[in-house]
Each structure stands twice: as structure tokens, then as C-alpha cells.
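Asker: Kindly return the folded structure for what I paste below:
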Amino acid sequence: MGTSNLEKVRRPQSLTTLVTEQIRDLIISDKLALGEQLSEQDLSEQLGVSRTPVREAFQRLEMERLVEIRPQRGTYVFQYNITELREISELREILETGALRMAIAHHPDLLSRVLSEKLEAAEAALAQGPAGFQSYDSAFHESLVRASHNREIIEAYLRVSGRIRAIRFRLTRTDELTRSAQKDHRAITKLVVGGKYKEAEVRVGKHVYNGYRTFVATLKSEDSVDHPPA
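Answerer: Below is the predicted model of the structure:
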């Protein structure tokens, strides 16, 4: 019997994986608020599944620190402060610049092609505003990290990327910010394609830092509105 025309059977995703992705997306898109207590029963009914995959999803999301499981008290969506935002941004800078160096060392042509493709796909999304641009923004950075082909770096990045996306979704609210992000992506891609690798690494670091600085300014502005001076 010939096998040349056979394709590998794709194993379907587990129910727990699907539920995890659904709850992660609800958190990232602010449909589940920061600090909100989560109910296994409510989510199982809304998603049309038993409580078991929801409970298992909570355990997976706790590893990403998107939720916090408090014994005898319940499960809560993560929260953060300025110190935690700084630490997340510092980790992100280390992972992204490190991934860039590895991708350049081993797969520079692949990196150039992938970044160019993600950049082009994001151009049309600019017209959709901040919410429409979010997934393209995330895809650019995740593709950069995946181009390293280093599983440890990729897994470390994926463990923190959910919180990065959730914070970015909540704090990137203007067309100006999305266009600024895309401008940086263009600059990074141009440097990589042009073989200016050291400059590209520096630009990635600056891009992450500028994002952190913008988010801090937004948080401080919100705090001043919530707590006006006496």
C-alpha cells in the first residue's frame, strides 16, 4: 500500500486547552476585569462545559500568572502595580532582545521574512483603532521571539505574554499610540532587512522601554483623576 499521499492526522486540541484559550482571551480583552473573582460554575455554564476543564484551565493560567488561586477564597484575575509593570517590561526586553540575537545568528533570512509579513498585515489594521490593532501588535513580537527557535526562550515569553497583552489592551487607547508602535515595528524591520543587526537590537530595547514609559504615564494620569488633590 502506498503512503505518499497520506497526511498526518492532526490531533484535536483538548477541551482544557480550548477552555484555557477562551478564558485567557476574556482576561486579555478586559471582558473579565483585573482583580475580578472567577466562578467555576458561571464560566462552565457560559462555555457549555463541565467544571473540570475550567478548574484545570485556572491551574494553567495561574502558571502564566493571569489568575491567582487563593486557597479557601477563590480564583481571581491578576492585578499589577507600577513595580510589577517595570519588572514585566524588563523581562520582556531581555527575552525579546535575546531572541532577536539568536534569530539573527541562526535564521536572519527567516527573521526578515517573518517580520516583514507581520508588519504588512498590521498596516491595514491601523484603521481599526487600538482594539483592532492589538492582535497584530502581539503577533509581531511573538513572531520575533519564535524566530529564535529556542524553546526555553519561547516558553518563557509565552508565560508572560498574556499579562503583556492584557496590560497593553487596557492602556493602549489612542490611534496615536498604535501608530507609534507600528512606526517602531517598521524601523525594527527595516534595520533587520538591511542587515543593521546591532541597531535593530537597540531599537527593540527602546521600543519596549517607550511602551513601559507610556503605560506608567497612563497609570499615573488615571490615579490623579481617581484621587484629585484636595
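Asker: Show me the strands in the protein, by range?
Answerer: Secondary structure of the chain by DSSP state E: the strands cover 37-38, 67-70, 74-77.
Asker: ok, which stretches of this structure are helices?
Answerer: Here the chain has its helices, by DSSP state H, at 15-28, 40-47, 51-63, 82-106, 108-125, 129-146, 151-171, 175-193, 197-226.
Asker: mind putting the strands of the chain in JSON lines, mean neighbour count included?
Answerer: Bear in mind the C-beta positions are built from the backbone N, C-alpha and C, glycine included. Converted to JSON lines, the strands of the chain look like this (neighbours: other C-beta atoms under 10 Å):
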{"stretch": "strand 37-38", "mean neighbour count": "16"}
{"stretch": "strand 67-70", "mean neighbour count": "16"}
{"stretch": "strand 74-77", "mean neighbour count": "18"}
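Asker: right, and those strands - which one's nearest Lys31?
Answerer: strand 74-77 (10.3 Å; C-beta to C-beta).
Asker: So for the closest one, mean pLDDT?
Answerer: This predicted structure assigns strand 74-77 an average pLDDT of 98.
Asker: on that earlier part again, can I get the helices of the chain in CSV with mean pLDDT and distance to Leu34?
Answerer: As requested, the helices of the chain are exported to CSV (pLDDT from 0 to 100; distance: least, C-beta to C-beta, whole Å):
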stretch, mean pLDDT, distance to Leu34
helix 15-28, 96, 8
helix 40-47, 96, 17
helix 51-63, 97, 14
helix 82-106, 96, 12
helix 108-125, 95, 25
helix 129-146, 94, 16
helix 151-171, 95, 8
helix 175-193, 96, 20
helix 197-226, 88, 12
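Asker: Now the ones you listed in TSV, please, with extra columns for mean neighbour count and distance to Thr75.
Answerer: Formatted as TSV, those follow (neighbours: other C-beta atoms under 10 Å; distance: least, C-beta to C-beta, whole Å):
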stretch	mean neighbour count	distance to Thr75
helix 15-28	19	10
helix 40-47	14	8
helix 51-63	18	5
helix 82-106	17	19
helix 108-125	16	33
helix 129-146	19	24
helix 151-171	18	15
helix 175-193	18	31
helix 197-226	15	25
